[in-house]
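[1] got a predicted structure here, sequence first:
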Amino acid sequence: MTDRTILLVDNEPGEVERLTQQLSPFGYTVEQCTSTSAIAERISQNNPAVLLVRVDRAPNDGEPAAIEEVSRLFKSGDNVPPTIFLADDYDLKTRLESIRVGAKAFFVRPFSPLDLVDALDLLIEPQEEEPFRVLIVDDDERISEFYVTVLQHAGMEAMALSDPMKVLDALSDFRPELVLMDQYMPEIEGRELGAVIRQEAAFLSIPIVFLSAESDPDKQLELMQIGADEFLTKPISPERLVTAISIRAERFRRLRSMMLRDSLTGLLNPTTTKEQLSIELSRMRRGNMSLAFALIDLDHFKSVNDTYGHPIGDQVLKTMSNMLKQRLRMTDLIGRYGGEEFAVALPDVSPSNAVLVLDKVREAFSQIKQIHAGGEFNVTMSCGVAMFPDFEDVPSLTEAADQALYEAKAKGRNQVVLAAPQTAGKRTAEG
């Protein structure tokens, strides 16, 4: 795992203990530097992953202000780690100075520790942006292959589909972030195909861009009315094509992330998790592959909230989500399924491998020290796993995983149970 040492520049006693309490459940170690004159030396000694700088605290006598010293270090070309500024008051001048210095983020107290964790995670382990995925629907294979080449050269993933009647399968398999479609095709017009796509709830918001020589504004407007997002007129330069698609795909990706993800954990929300499970199950069925679906529940979570308060409960949920993101593959589906429940879909795995992976997650999570004002505690998780094709559709798969989960609860919690193909019945344990 990436080093997670944080160097805090703050001369206030007790601040390092406060931050340690907030950040240690997420694997961070906090070191304190109380002298602004010693920042460069401490960076050399500790080699921190991130520098946290309190910019509104009066410096020690004879020392430069923190923001001035950090600015000097950046200008000198020294190896300064990514920097986050902290302050008690909102001051536009200080915020502006932080941007000019090169700070990556600015937090004004009081702020949520979980927001700080999100910012630190992005700086320490930045997620590589996946290339935009574009589906090109055009019966002219020569033209569509040209567009594929142009978009691939720009760093995108592009798939050409010459048979528009197969568009729904292509949408499910390729999962594009934009559809580039010709308006006139032999078997079906683009406006008709666009209307078919919009009938599917899973593809209701995907951008559709029409590409045609049509210059009649009324016909272009007609296409917009059935759900087209943009109309590009042929001929179009490669540069303009790439720019237009990039803008639309980026906007779609950002809006989709806001709509589909849980605000606390950053995982897929319950509705989206179920939708994506259905899509993934269809893909597994067509490819004759297996899929493991798991439901995870935090043991005795209600008592965590009752004993330590909801902010600590949120900390535990965030810890669980981080653990899942770190331990599972990018191709795996991870979602928040309910209050303290999480759902995971592992495509193309055997039952034994699925149980092994999830049991390692269980063991690692149970060892994390959850810190609170009065000390520390541990939380465990129970997990139920069901396999496709043992269970052939989403309702039976989720019910089987649910029953396996509560079998794990009934057997004492803190374990992973694999559903037998004929698992049935009702929940037998709670909490």
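    Structure received.
[2] alpha carbons only for contacts and neighbour counts from here, please
    Will do.
[3] lowest-confidence helix or strand of the chain?
    When the helices and strands of the chain are compared on mean pLDDT, DSSP states H and E, helix 217-225 comes out lowest with a mean of 73.
[4] please save the CA atoms from the next helix or strand after it in CSV.
    Per DSSP states H and E, the first helix or strand lying C-terminal to helix 217-225 is strand 230-233. Provided in CSV are the C-alpha atoms of strand 230-233 (Å, rounded to 0.1, in the frame of the first residue of the first chain):
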residue,chain,number,x,y,z
GLU,A,230,-26.1,17.0,-30.3
PHE,A,231,-26.2,17.1,-34.1
LEU,A,232,-22.9,17.2,-35.9
THR,A,233,-22.9,18.0,-39.6
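[5] residue 26 reaches residue 319, doesn't it?
    Yes. Using C-alpha atoms under 8 Å, residue 26 is in contact with residue 319, at 6.2 Å.
[6] the two: which is more packed in?
    In this view residue 26 and residue 319 are compared by other C-alpha atoms under 10 Å, and residue 26 has more residues nearby, 22 against 19.
[7] ok, that one - contacts?
    For residue 26, the contact set (C-alpha atoms under 8 Å, 6 or more residues apart in numbering) comprises 117, 319, 322.
[8] let's see 10 Å
    Taking C-alpha atoms under 10 Å, 6 or more residues apart in numbering as the criterion, residue 26 is in contact with 4, 20, 114, 117, 121, 315-316, 318-320, 322-323, 368-370.
[9] ok so, going back, shared neighbours of residue 26 and residue 319, anything?
    114, 368, 370.
[10] mind checking the SS state of the second one?
    Recorded secondary structure, residue 368: coil (DSSP: H, G, I helix; E, B strand; the rest coil).
[11] okay, now it: neighbour count?
    That count, for residue 368 with other C-alpha under 10 Å as the rule, works out to 21.
[12] measure it to residue 207 for me?
    For residue 368, the distance to residue 207 (C-alpha to C-alpha, to the nearest Å) stands at 42 Å.
[13] verify the stated contact: residue 80 with residue 40.
    Yes. Using C-alpha atoms under 10 Å, residue 80 and residue 40 qualify as a contacting pair, with a distance of 8.2 Å.
[14] who has more neighbours, these two?
    Set side by side, residue 80 and residue 40 show more neighbours around residue 80, with 19 against 15, by other C-alpha under 10 Å.
[15] hang on, residue 332 packs against residue 346?
    Yes. If you go by C-alpha under 10 Å, residue 332 and residue 346 touch, sitting 5.1 Å apart.
[16] more neighbours: which of the two?
    Neighbour count, other C-alpha under 10 Å: between residue 332 and residue 346, residue 346 has more, with 22 against 16.
[17] show me what contacts the more buried one?
    Contacts of residue 346 (C-alpha under 10 Å, 6+ apart): 280, 290-294, 328-329, 331-334, 353-354, 357, 387.
[18] and the host helix or strand of it, average pLDDT?
    Using DSSP H and E, the element containing residue 346 is strand 341-347. Averaged over strand 341-347, pLDDT sits at 96.
[19] C-alpha coordinates for the helix or strand hosting residue 146, CSV please?
    Secondary structure assigned from DSSP H and E places residue 146 in helix 141-153. Listed next in CSV are the C-alpha coordinates belonging to helix 141-153 (Å, rounded to 0.1, in the frame of the first residue of the first chain):
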residue,chain,number,x,y,z
GLU,A,141,-18.0,0.1,-42.1
ARG,A,142,-15.4,2.2,-43.9
ILE,A,143,-16.6,5.5,-42.3
SER,A,144,-17.2,3.9,-38.8
GLU,A,145,-13.7,2.4,-38.8
PHE,A,146,-12.3,5.8,-39.6
TYR,A,147,-14.1,7.3,-36.6
VAL,A,148,-12.8,4.4,-34.5
THR,A,149,-9.2,5.2,-35.5
VAL,A,150,-9.7,9.0,-34.8
LEU,A,151,-11.1,8.4,-31.4
GLN,A,152,-8.6,5.7,-30.4
HIS,A,153,-5.8,8.0,-31.5
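[20] report the buried residues of that helix.
    For helix 141-153, burial by neighbour count (16 or more other C-alpha atoms under 10 Å) applies to 144-145, 147-152.
[21] what residues does the longest helix seen in the chain touch?
    Ranked by residue count under DSSP state H, the longest helix found in the chain is helix 238-260. Residues from elsewhere that reach helix 238-260 (C-alpha under 10 Å, 6+ apart): 131-134, 146-147, 149-156, 176-180, 205-209, 211, 229-230, 232, 263, 266-273, 335.
[22] let's see 6 Å
    Residues outside helix 238-260 that contact it (C-alpha atoms under 6 Å, 6 or more residues apart in numbering): 177-178, 268-269, 272.
[23] tell me the most packed of these, by neighbour count.
    residue 178 (26 neighbours).
[24] please tell me the pLDDT value assigned to it.
    95.
[25] mind listing the residues bridging to it?
    Using DSSP bridges, the bridge partners assigned to residue 178 are residue 134.
[26] so it makes contact with residue 134?
    Yes. Residue 178 is within contact range of residue 134, at 5.0 Å (criterion: C-alpha atoms under 6 Å).
[27] pLDDT averaged over stretch 107-118 - what is it?
    Mean pLDDT, stretch 107-118: 81.
[28] contacting residues for the closest residue to residue 54 other than its chain neighbours?
    Sequence neighbours aside, residue 86 is the residue nearest to residue 54 in space, at 4.7 Å (criterion: C-alpha to C-alpha, 6 or more residues apart in numbering). Applying C-alpha under 6 Å, 6+ apart to residue 86 gives the contacts 53-54, 106-108.
[29] quick one: residue 401 is in a strand?
    No. Using three-state DSSP, the secondary structure at residue 401 is helix, not a strand.
[30] show me where the stretch 51-200 of the chain has its helices.
    Remark: helices assigned in the stretch 51-200 of the chain by DSSP state H, counting those that start in this stretch are 66-76, 92-101, 113-124, 141-153, 167-174, 190-199.
[31] looking at those, which is closest to residue 420?
    Minimum separation from residue 420 across these (C-alpha to C-alpha) falls at helix 167-174, 28.9 Å.
[32] quick one: buried residues of the closest one?
    Neighbour-count burial for helix 167-174 flags 167, 170-174 (criterion: 16+ other C-alpha under 10 Å).
[33] just give me the closest of these to residue 11.
    Closest to residue 11 out of the buried residues of helix 167-174 is residue 174 (53.5 Å), distances taken as C-alpha to C-alpha.
[34] show the pLDDT at the closest one.
    We note a pLDDT of 91 for residue 174 in this prediction.
[35] for it, give its distance to residue 16.
    Distance from residue 174 to residue 16, counting by C-alpha to C-alpha: 48 Å.
[36] all helices of the stretch 301-431 of the chain, in order?
    Listed in chain order, the helices of the stretch 301-431 of the chain (DSSP H, counting those that start in this stretch) span residues 301-308, 310-327, 351-366, 394-410.
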